[in-house]
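Trainee: What shape does this take:
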Amino acid sequence: MPKLTTAQREAIMDEVEAVMMSGKWSGRAQHQLARRHDVTRRTIQNYRAVIERRWRNAAKIEDIETERSGWIFRCRQYQQLCVSAEKYRDLSSFMAMEARVLGIEQNNVNMKHSGGLALGHVALDLTGSTTEDLARLLEG
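Mentor: Here you go, the predicted model:
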């Protein structure tokens, strides 16, 4: 196998990243990428590690509280989309995720729904939580 140029390595890594993002990462996909680019499967795995390291470095957060508030805002937007689309199972998942991020203990949150009949059928048991917690979760 000839030594690759930086441009060639970056092109292969772009393709590796595309496969990773597509959710189709598998041993077979790695084998196909390696064969297509005349490299070893281990090289493809190393490129994946480089990509993941780049993602981690890009995701380094200076102000965790600002990032957390932005994440909660996006989560609540998704909750509203779930209500609009009548996807109550997804809504309950987003609400549970938000509760975990906000530090409401998971064992204090008991979510039940009855097949997504209506928003009123999503019940929360926030044992040990304040009424403000409940109101905020329901409004979100």
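Trainee: How far off centre is the biggest helix by length in the chain?
Mentor: The single longest helix within the chain, with elements called by DSSP state H, is helix 64-84. Mean C-alpha position of helix 64-84 versus that of the full chain (C-alpha atoms, centre = their mean, to the nearest Å) differs by 12 Å.
Trainee: just the angle between the helix or strand that it is followed by and helix 64-84, please?
Mentor: Downstream of helix 64-84, the first helix or strand assigned by DSSP states H and E is helix 88-102. The directions of helix 88-102 and helix 64-84 differ by 170 degrees, with axes from the mean of the first three to the mean of the last three C-alpha atoms, to 10 degrees as the criterion.
Trainee: Against which helices or strands is helix 88-102 packed?
Mentor: helix 64-84, strand 109-112, helix 131-139 (3 or more C-beta pairs under 8 Å, 6 or more residues apart in numbering; DSSP states H and E). Glycine gets a C-beta too; all of them are placed from N, C-alpha and C.
Trainee: where among the ones you listed is the average confidence lowest?
Mentor: Note on the helices and strands packed on helix 88-102: lowest mean pLDDT is at strand 109-112, with a mean of 49.
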